[in-house]
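Peer 1: here are the coordinates; sequence isn't available:
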């Protein structure tokens with residue numbers, strides 16, 4: 001079961017302690033079983049847009065509002081395949097120089113904003129909008145940020161991303177299946193996603209996902225072994241070897257002569 005959504009009326013009244021829902025397959029990437037209102041996340045790497053869309057899909061499915069800003073390449077059919085309710089989505093393809101004004105109008109009036117990493121904000125606008133996000137509970141997911149962790153210079157007019165994200169999700173080791181030698185079609189993409197950030201999110205969290213699977217959905221890869229599980233298995237093997245080292249495997253049994 002996904003976490004219950006925060007309604008816009010709740011956010012307007014300042015009741016932002018409840019979490020925005022996400023699909024169960026994505027929960028392992030978060031420190032809580034949902035999106036914290038007012039948080040900023042970033043998705044990068046191959047499949048970043050697919051991952052970000054999957055995070056927002058559950059919100060729209062239960063009645064929340066999502067707006068994609070600066071993501072003109074986003075396909076409506078792909079959004080629908082992720083389980084999203086299109087009547088709860090809006091698209092601002094090219095905000096241009098009015099990006100700050102567009103975001104200011106959206107914060108507090110929608111639940112989630114998917115924001116292209118190419119969108120730039122003046123440092124002062126970014127600070128003011130970040131404060132409004134915390135106050136009003138809107139979640140921002142930046143998509144395709146080249147280096148979201150880059151430190152910002154004080155007074156810089158532009159930044160590596162519109163906001164400094166709380167959590168950055170990086171798609172690693174992505175590989176498509178379905179192609180043969182000069183034939184076939186792309187069917188599904190297996191990807192390892194690593195999430196890390198500040199505070200409680202400082203310890204990296206991992207999930208191995210179909211991004212998407214053959215049906216266009218985001219699902220967990222069953223039986224996948226993440227690096228953490230690999231380390232655990234290695235520790236078990238080392239422990240077993242250590243225990244076995246106490247056993248003398250070259251035991252010599254002295255021959256006994258038969259009486260007579």
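Peer 2: Yes, it's here. Since the model is a prediction, treat every value here as computed from it, not as a measurement. Numbering: from 1, shown residues only.

Peer 1: beta partners of the closest residue to residue 25 other than its chain neighbours?
Peer 2: Distances taken as Cβ to Cβ, 6 or more residues apart in numbering place residue 220 nearest to residue 25, at 4.6 Å, with adjacent residues excluded. In this view, the C-beta of every residue, glycine as well, is placed from N, C-alpha and C. When bridges are called by DSSP bridges, residue 220 pairs up with residue 209.

Peer 1: what bridges to residue 66?
Peer 2: residue 89, residue 112.

Peer 1: burial count for it?
Peer 2: 26 (other Cβ atoms under 10 Å).

Peer 1: what's the answer for residue 175, then?
Peer 2: Residue 175, neighbours per other Cβ under 10 Å, totals 10.

Peer 1: Pretty sure residue 113 is one of the things residue 70 touches, is it not?
Peer 2: No. Counting by Cβ atoms under 8 Å, residue 70 does not reach residue 113; the two are 10.1 Å apart.

Peer 1: ok so, going back, got the contact list for the residue nearest to residue 25?
Peer 2: Listed by Cβ atoms under 8 Å, 6 or more residues apart in numbering, the contact partners of residue 220 are 25, 207-210.

Peer 1: any idea of the pLDDT on it?
Peer 2: Model confidence at residue 220, given as pLDDT, is 93.

Peer 1: Repeat that for the one 5 residues further on.
Peer 2: The confidence metric pLDDT takes the value 56 at residue 225.

Peer 1: likewise residue 30?
Peer 2: 96.

Peer 1: residues in contact with it?
Peer 2: 22, 167, 195, 205.

Peer 1: For the residue nearest to residue 25, give its distance to residue 135.
Peer 2: 35 Å (Cβ to Cβ, to the nearest Å).

Peer 1: same deal with residue 115?
Peer 2: When Cβ to Cβ is the yardstick, residue 115 and residue 135 sit 18 Å from each other.

Peer 1: Looking at the two, which has the bigger crowd around it?
Peer 2: Shown here are residue 115 and residue 135; by other Cβ under 10 Å, residue 115 has more neighbours (31 against 15).

Peer 1: circling back: if you rank the contacts of residue 220 by neighbours, which is first?
Peer 2: residue 209 (26 neighbours).

Peer 1: Give me the three-state assignment for the spatially most central residue of the chain.
Peer 2: Centroid-nearest residue in the chain: residue 169, 4.5 Å away (criterion: Cα atoms, centre = their mean). Look at residue 169: counting by DSSP: H, G, I helix; E, B strand; the rest coil, its state is strand.

Peer 1: Let me have the contacts of residue 30 in CSV, extended by secondary structure, neighbour count and pLDDT.
Peer 2: What follows is those, written out as CSV (DSSP: H, G, I helix; E, B strand; the rest coil; neighbours: other Cβ atoms under 10 Å; pLDDT from 0 to 100):
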residue, secondary structure, neighbour count, pLDDT
22, coil, 22, 95
167, strand, 25, 96
195, strand, 22, 97
205, strand, 19, 95
